Structures are given as structure tokens and as C-alpha cells.
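Undergrad: One predicted model, sequence on top.
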Amino acid sequence: MRTMKLGGSNLRVPVIAVGCMRIRSLDKAGAEKLIRTAMEQGLNFFDHADVYDNGACEEFFADAIHMNDSIREKIILQSKCGIRREGTDKFYDFSKQHILEAVDGSLRRLKTDYLDVLLLHRPDPLADPDEVAEAFDILKRSGKVRNFGVSNEKPMQIELLKKSLSQPILVNQLQLSVAHANMISNGVNVNMETDAAVDRDGSVLDYCRLHDITVQAWSPFQYGFFDGVFLGSDKFPELNRTIDRIAAKHGVSDTTIALAWILRHPAHIQPVTGTMNVERLKACAQAAEIQLTRAEWWEIYTAAGNQVP
């Protein structure tokens, strides 16, 4: 498996991360098989969040892999905090107290002494950057968290946070697929009076490249906001025909090509898979070995309905 540096750090990670949001859809044996398969494929970077099934996914993961010191040394653990639920209400909380309590909870459930990476999970409009910085300093000094990042944040939100932080922001996790590609398409349609030209993210992709922040692409096979998977969907006939043709040319699956499309971008974007299917996970891992041509990349881009002026 190819590796890359995470952001501006010296931490080397696989170019593809394994998302664990749906891991409790498996039984313990199935979860262990999925994790072992991932590691055999070189996919040893696992993405969690305390909000996934109210923390149960983290605990289930640790139990399924029979977490111990030997196993912990072989994997990279990332978790996220900041989304809270009380009853049916959902809100965001970047308070010092909540961040510290959330990390302690994740460590307990994951049966580990430290997280390799902690992300703030979606922007909190009530966040005080100085308070976040205090929490990060405590976590860093205690050894509970080694690296930090954010999720779904605009450049100026990151800049505001960085003003108070002692630690660098290494990651910004953002939704990206060929069917949800505004962070790319708004840079293609510059100064155009079209919907594709609307800058919805403050040029976040260019910003992250300029500041050595790794973009992690969540939902790399989805369109809309969890509206569904575009692969095999009758809503994307041209896209699927194009992907299938290019997949046949390379002798791989449509899953592999969809992920290879993201990996082809020079920003060194790290897709976060979500599949709980072992064979599909292997197909995801194959994407690291496929180098699409420029023509193939643009074919897939336009087949998804993205405009080229």
C-alpha cells in the first residue's frame, strides 16, 4: 500500500483510510475479518467518532480486534469529537470540558492510551479558540492525543482556530466524490454565472494545499447528503457507463476507479472508505495502484454532470 505524510507532519499513513461508522452492522466475527483484511491490505488507518452509535462503534471495534499493545502498535487511530446528542436534539460543542471528556471516553472505549489523530467534528459557532487551544495543550502534554485536525471547516474557521493553537492542523475531513465535487468544480468554473461557479467552501481545497493540510474525503461514493451511492444508480447512467468502461480497460472494479479518481488529484487527498464488505474493501485498496490518465480523469468528471466551460 502506498503511503503519504499526513499534513505537514512526519506521520506516514496509507493513502486510503478505513471509516468505521457502520461497523456495528456486522457481527463480531465479521468485524474482525474486515479489520484483519484491511490490515493485510496495508490499510491500517481507522477513522472513528464518538458520535458513531453514541460511542458503541469504538467499543465494538476494540473488542472485535482484541485490542492489546501489540495490535495497537500496528494501527493508526483517528477519532472525532464535538457533536453532541441529547434526546432527539443534536448540537456542536467545542468547549474545553467537552473535548477533554470526549477524548477520555474514546480512549476508554478503544482500549488505548492515545489517539494518533483527533479531529473536531463540524464547526461550532460558539467555539472559543483559546478554550480549544487549552484543551489541545492538555491532550498533547498528557500524551493522549498526538496530532490534531478538523472536519468540515472553511479556511477562515481554521485560521481563527490556528491563531490560538500551539499545534498544527494536519487534517480537514470534507465530503468529496465525483458526484459531489463542488470544491473542485468551483475552481474550474471561475467567474462564470453558473451554479457550479458558486464558491461554497472558501476555496478550501487550495487553502489546504497551501497550508499542508490533508483533505480526507468522506462519502467518496455518495451523492448529495447521504442521498445514496452513485455507483450502479440509474440517476447517473453516463457516469456509470464511463466508469465501467475505464474499469474494464484497467481490469478492476467500478469501486476501484471511483476511488482512483480522487487519488489522481495532486492534492494527495485521502479517501475514507465506509464499506463493511470485505471484497469491496479489497477493491478500494486496489485504487492505490491505479493511475488514471488526465483524459480518463476528465471523462469521469464530466460524465458525472460537472461542467467544463
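TA: Sure thing, it's come through.
Undergrad: Provide the secondary structure category for Ala260.
TA: helix (DSSP: H, G, I helix; E, B strand; the rest coil).
Undergrad: let's number from 6 now, not from 1
TA: In the new numbering, first residue 6, that becomes Ala265.
Undergrad: dump the residue contacts of it.
TA: 292, 295-297 (C-beta atoms under 8 Å, 6 or more residues apart in numbering). No exception for glycine: its C-beta is placed from N, CA and C like everyone else's.
Undergrad: Same question for Asp135.
TA: With C-beta under 8 Å, 6+ apart, Asp135 has these contacts: Ser169.
Undergrad: can you confirm it is in a strand?
TA: No - Asp135: not assigned to a strand; according to three-state DSSP it is helix.
Undergrad: Can I get the helix or strand of the chain with the lowest mean pLDDT in CSV, CA atoms only?
TA: Each helix and strand of the chain was given a mean pLDDT (mean pLDDT, DSSP states H and E); the minimum falls on strand 88-91 at a mean of 90. Only the C-alpha atoms of strand 88-91 are listed here, as CSV (Å, rounded to 0.1, in the frame of the first residue of the first chain):
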residue,chain,number,x,y,z
ILE,A,88,-21.1,16.6,18.0
ARG,A,89,-23.5,16.0,20.9
ARG,A,90,-26.9,14.5,21.2
GLU,A,91,-29.4,14.9,24.0
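Undergrad: Show me what counts as buried in that strand.
TA: Of the residues in strand 88-91, 88-89 count as buried by neighbour count, 16 or more other C-beta atoms under 10 Å.
Undergrad: Could you do stretch 274-285 as well?
TA: Using 16+ other C-beta under 10 Å as the test for burial, stretch 274-285 gives 274-281, 283, 285.
Undergrad: Tell me which two in the residues you listed are the farthest apart.
TA: Ile274 and Val283 (24.2 Å; C-beta to C-beta).
Undergrad: Arg269 and Gln296 touch, don't they?
TA: Yes - using C-beta atoms under 8 Å, Arg269 is in contact with Gln296, at 7.0 Å.
Undergrad: which of these two has more neighbours?
TA: A direct count of neighbours by other C-beta atoms under 10 Å for Arg269 and Gln296 places Arg269 higher, at 17 against 11.
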